[in-house]
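*Asks:* Just a sequence and a predicted model for now, questions to come.
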Amino acid sequence: MDEPPDRPTPVLVVSNHGHVVGGGELSMLDLLRGLDRRRWAPALVVPEDGAVAVRGRGLGLPIHVVPLPTLRRPGYDMVRSVRTLGRLARTTGAALIHANGSRAMIYAGLAGRSTGRPAIWHVRIAESDGVVDRALYALATGVIATSGAVTRRFGKAGKVRLVPNGIDLARFTPRAPSPSLRAALGVPPSSPVVLSIGRFVAEKGHRHLLEAAARIERTRAGLHWVFVGAGELEEPLRRQARGLGLESQVHFTGWRDDVPDVLAVADVFVLPSENEGFGRVVVEAMAMARAVVATAVGGVPEIVRDGETGILVPPAAPTALADAVRSLLDDPARAARLGAAGRARAESRFSLTAHVDAVERVYAEVLGGHAARR
């Protein structure tokens, strides 16, 4: 890579959300932490002051709050926010605007057009938004897609660059499980643990995992299931667990900041999603050398090699999910082999360093192309 410039290039990064609602915000914050500050001077724009801003301040970033009204309520507030973001781009001297998500891209793209600055759209979801996609693609100078499944959202579009998410492999590194954490989670010392992490929304498929848990319980009692996350379906999932007679064995923990330590407690990690643009948490589990069972949806098969680094099953298939989890619990040696292979794949393919380097190359490409057109 070329020598860093005399002064770092200012960049505005616009977050879809003011709160951490999933892996997209965590990946954005990891990117901001990893950017070479000799080359780039990032500032973070949030629609409201919340957990994302708090974490951004912890990284030493300038934080700017600019409301991002949804398209369902278009009007003067939307125009005002575009103008505010444009003024911010000018006053900070931002060379480009990087939008983390579609709502952020609406504002970043329009502000970029009004100020003559390039805008990058970071896309993490595989499902198309139809006409909205076409409009945002037209506004974007470049598009970053987190998986091959996400790139297919745009066909053969030339602006799209595939940049898989990366994680901090020093933070997510195998370690011995903590007995005190097991106790805090409500798990007995000798009980096997199956872990799932994700938002409690329909697309994450937790209801299928609970049905799988009930099937396993009939032949292999005594497992404990730890669900890390939050969301609109938490209470329905709690009711489902009670109805299945699993209330004492299913533990809802809310969101936690000690995810590596929680992963260390798990014997098996499960991602039961019905769709998934990437699957960051699967990489985290693999990096922790955990045996993984995941659904073969979206970008997940690009992460998990079936039978080599984990087991893939069809979505919305509790019986297949139960059989895969049971097979790993019954064969700890196989689970350990899959876990070790998963760690090796995370190291070779999904490091945060590789992710940051790839995004920085997109920045340089977009800025170089923009300068050439001026």
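*Replies:* Arrived safely.
*Asks:* Only C-alpha atoms from now on, for both contacts and neighbour counts.
*Replies:* Will do.
*Asks:* Below-threshold pLDDT in the stretch 1-150 of the chain: ranges please.
*Replies:* Low-confidence segments of the stretch 1-150 of the chain (pLDDT under 70): 1-4, 73-74.
*Asks:* burial of residue 75, as a residue count?
*Replies:* By other Cα atoms under 10 Å, the residues close to residue 75 number 10.
*Asks:* what residues are up against residue 40?
*Replies:* For residue 40, the contact set (Cα atoms under 8 Å, 6 or more residues apart in numbering) comprises 8-11.
*Asks:* Out of those, flag the one nearest to residue 324.
*Replies:* residue 11 (45.0 Å; Cα to Cα).
*Asks:* How is this structure partitioned into domains?
*Replies:* 9-166+351-373, 179-349 (automatic domain parsing).
*Asks:* Would you map the strands across the stretch 151-300 of the chain?
*Replies:* For the stretch 151-300 of the chain, the strands defined by DSSP state E, counting those that start in this stretch cover 160-162, 193-197, 224-228, 250-254, 268-271, 291-295.
*Asks:* Need those strands in a markdown table (columns: mean pLDDT and distance to residue 59).
*Replies:* As requested, these are exported to a markdown table (pLDDT from 0 to 100; distance: least, Cα to Cα, whole Å):
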| stretch | mean pLDDT | distance to residue 59 |
| --- | --- | --- |
| strand 160-162 | 96 | 26 |
| strand 193-197 | 98 | 25 |
| strand 224-228 | 98 | 25 |
| strand 250-254 | 97 | 24 |
| strand 268-271 | 98 | 30 |
| strand 291-295 | 98 | 31 |
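*Asks:* who wins for proximity to residue 132 among these?
*Replies:* strand 160-162 (16.2 Å).
*Asks:* That closest one packs against which elements?
*Replies:* strand 142-145, helix 148-151 (3 or more Cα pairs under 8 Å, 6 or more residues apart in numbering; DSSP states H and E).
*Asks:* Pull the contacting residues for the residue lying closest to residue 57 once chain neighbours are set aside.
*Replies:* Counting by Cα to Cα, 6 or more residues apart in numbering, residue 57 lies nearest to residue 63, which is 6.9 Å off, once chain neighbours are set aside. Residue 63 is in contact with 43-46, 53, 56-57, counting by Cα under 8 Å, 6+ apart.
*Asks:* from those, which is closest to residue 346?
*Replies:* residue 56 (25.5 Å).
*Asks:* Name the helix or strand for that closest one, please.
*Replies:* Here residue 56, judged by DSSP states H and E, is contained in helix 51-58.
*Asks:* List the neighbouring strands of the helix or strand that comes right after that helix plus their orientation.
*Replies:* Following helix 51-58 in sequence order, the next helix or strand is strand 63-65 (DSSP H and E). Counting by DSSP bridges, the strands paired with strand 63-65 are strand 40-46 (parallel).
*Asks:* ok, the nearest residue to residue 34 once chain neighbours are set aside to residue 52 distance?
*Replies:* Sequence neighbours aside, residue 356 is the residue nearest to residue 34 in space, at 6.2 Å (criterion: Cα to Cα, 6+ apart). According to Cα to Cα, to the nearest Å, residue 356 and residue 52 sit 19 Å apart.
*Asks:* give the contact list for residue 351.
*Replies:* By Cα under 8 Å, 6+ apart, the neighbours of residue 351 are 166-169.
*Asks:* ranking those residues by neighbours, who comes first?
*Replies:* residue 167 leads these on contacts (other Cα under 10 Å) with 25 neighbours.
*Asks:* count of residues packed around the residue lying closest to that one once chain neighbours are set aside?
*Replies:* Spatial nearest neighbour of residue 167, excluding adjacent residues (Cα to Cα, 6+ apart): residue 352 at 4.5 Å. Residue 352 has 23 neighbouring residues, counting by other Cα under 10 Å.
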